[in-house]
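# have a look; sequence and predicted model below, questions after that.
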Amino acid sequence: MIQDTHVSLAHGNGGRRMRELIDGIFSRHLANPDLDTHADAVRINPPAGDLLFTTDGFTVQPLEFPGGDIGSLAVHGTVNDLAVSGAVPRYLALNAFIEEGLELALLERIVASLARTARDCGVRVVAGDTKVVQRGQGGGIYLATTGIGVRPPAIDLGLHQIRPGDRILVSGPVGDHGVAVMLAREQFGMRGDLRSDAASVLDLAQALLPLTGLRFMRDPTRGGLATVLHEIALACNLEVRVQETRIPVRDPVRSVCEILGYDPLYLACEGRVVAVIAPEQADSAQAAWQVLPSGREAAIIGIVSQGNPLLVLETELGGSRVLEELEDDPLPRIC
């Protein structure tokens, strides 16, 4: 058992206290048949199919927020990248960069949450590493993850599949995560009970895979919905046109954005999917999402068409305006 109450540099020196940290917190919560903390590499036996590989890093303040924490966020963020690519997530590797002075009780809550989320998502943490950095050189804890998933060989999703006339869907309200994290910081004298949308999107992704007209999926994290739509326009050299009245935004998110001058279309989501699909299957895709608890507010929000590679918003008042690419961070780092 660990006798310390806070992380010290000695917990990263490779000796007894590092072993106690790994065995007492990480191994205890992440234990599974594939995890061997005494090996430099691990053997995995994935099922047949195309192996998809992704990596990501996570830094958020506060480390715990309504609807999640950096541990659950790391799992969701990694499995979602695999899910929207058409894969079933299977394995994770975890790197933890811990700041000297972090309370061990907080570290244990984060690791326990990460382990619980991994189990819920059906993935195993099979390898990892820990590093301790000096006080003041980190935000408490940073996490880096690598994920492996398996995709049926027949699935081919990507920007190269998108055609003029295709419809754009979003699986639910946008901006929840960005505003929830900001309110958790109690900045600008504002508080609220809005929860992050952080969640696995595997059910949403799997629901659309049987549709032959599915072209592309992406989870709109940093930069939000608008950034994904810009990527589509620029990569495909096509115009993306969306209707403001069709984009779901919760009232608390809209109110905060109006007060502070933010645009919810640029705020991070951590449990939503943007999909592009052939026009004749758009209604079927929306219906497939709306029967799921996480997709009840799914909406068809726009169209891809011939024209200049721009993102155009048709406003509630009947006009239209070009939405520019994100230049500066609209908020401090939130994912």
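Perfect, I can see it now. Model, not experiment: these values are computed from the prediction. Residues are numbered from 1 along each chain as shown.
# so the closest residue to residue 24 other than its chain neighbours, which of the three states?
Among residues not flanking residue 24 along the chain, residue 2 sits closest, at 4.4 Å (CB to CB, 6 or more residues apart in numbering). Where you see a C-beta, it was placed from the backbone N, CA and C, and this is true even at glycine. Local secondary structure at residue 2 is given as coil here, using DSSP: H, G, I helix; E, B strand; the rest coil.
# surely residue 2 touches residue 18?
No - judged on CB atoms under 8 Å, residue 2 makes no contact with residue 18 at a distance of 10.9 Å.
# who's in contact with the closest residue to residue 10 other than its chain neighbours?
Excluding the flanking residues, the one nearest residue 10 by CB to CB, 6+ apart is residue 17, at 4.6 Å. The contact partners of residue 17, by CB atoms under 8 Å, 6 or more residues apart in numbering, come to 4, 8, 10, 11.
# repeat the analysis, applying 10 Å as the threshold.
2, 3, 4, 7, 8, 9, 10, 11, 24, 132 (CB atoms under 10 Å, 6 or more residues apart in numbering).
# neighbours of the fifth one, how many?
Around residue 8 there are 16 other residues, counting by other CB atoms under 10 Å.
# measure it to residue 108 for me?
Residue 8 is 16 Å from residue 108, where distance means CB to CB, to the nearest Å.
# what helix or strand is the residue nearest to residue 10 on?
In the assignment (DSSP states H and E), residue 17 maps to helix 16-21.
# quick one: mean pLDDT for that helix?
Helix 16-21 shows a mean pLDDT of 88.
# can you mark which positions in it are buried?
Of the residues in helix 16-21, 17, 18, 20, 21 count as buried by neighbour count, 16 or more other CB atoms under 10 Å.
# tell me what the next helix or strand after that helix is packed against?
Next in sequence after helix 16-21, counting helices and strands by DSSP H and E, comes helix 28-30. Here helix 28-30 touches helix 104-121, strand 124-133, going by 3 or more CB pairs under 10 Å, 6 or more residues apart in numbering; DSSP states H and E.
# what about 6 Å?
In terms of contacts (3 or more CB pairs under 6 Å, 6 or more residues apart in numbering; DSSP states H and E), helix 28-30 is packed against helix 104-121.
# and the helix it packs on, what does it pack onto?
So helix 104-121, by 3+ CB pairs under 6 Å, 6+ apart, packs with helix 28-30, helix 70-83.
# in three-state terms, how would residue 303 be classified?
strand.
# quick one: contacts for it?
Residue 303 makes contacts with 167, 241, as judged by CB atoms under 6 Å, 6 or more residues apart in numbering.
# could you give the bridge partners of it?
On the basis of DSSP bridges, residue 303 is bridged to residue 167, residue 241.
# can I get the contacts of residue 17 in JSON lines with pLDDT and distance to residue 216?
Below are the contacts of residue 17 laid out as JSON lines (pLDDT from 0 to 100; distance: CB to CB, whole Å):
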{"residue": "2", "pLDDT": "78", "distance to residue 216": "46"}
{"residue": "3", "pLDDT": "78", "distance to residue 216": "52"}
{"residue": "4", "pLDDT": "84", "distance to residue 216": "48"}
{"residue": "7", "pLDDT": "92", "distance to residue 216": "42"}
{"residue": "8", "pLDDT": "90", "distance to residue 216": "47"}
{"residue": "9", "pLDDT": "90", "distance to residue 216": "46"}
{"residue": "10", "pLDDT": "89", "distance to residue 216": "48"}
{"residue": "11", "pLDDT": "87", "distance to residue 216": "43"}
{"residue": "24", "pLDDT": "90", "distance to residue 216": "44"}
{"residue": "132", "pLDDT": "96", "distance to residue 216": "41"}
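# surely residue 215 touches residue 161?
Yes - here residue 215 reaches residue 161: they are 4.0 Å apart, a contact under CB atoms under 6 Å.
# and the residue nearest to residue 18 when sequence neighbours are not counted, its phi and psi?
Using CB to CB, 6+ apart and skipping the chain neighbours, the partner closest in space to residue 18 is residue 11 (5.5 Å). In terms of degrees, to the nearest 10, the main-chain angles of residue 11 are phi -70, psi -10.
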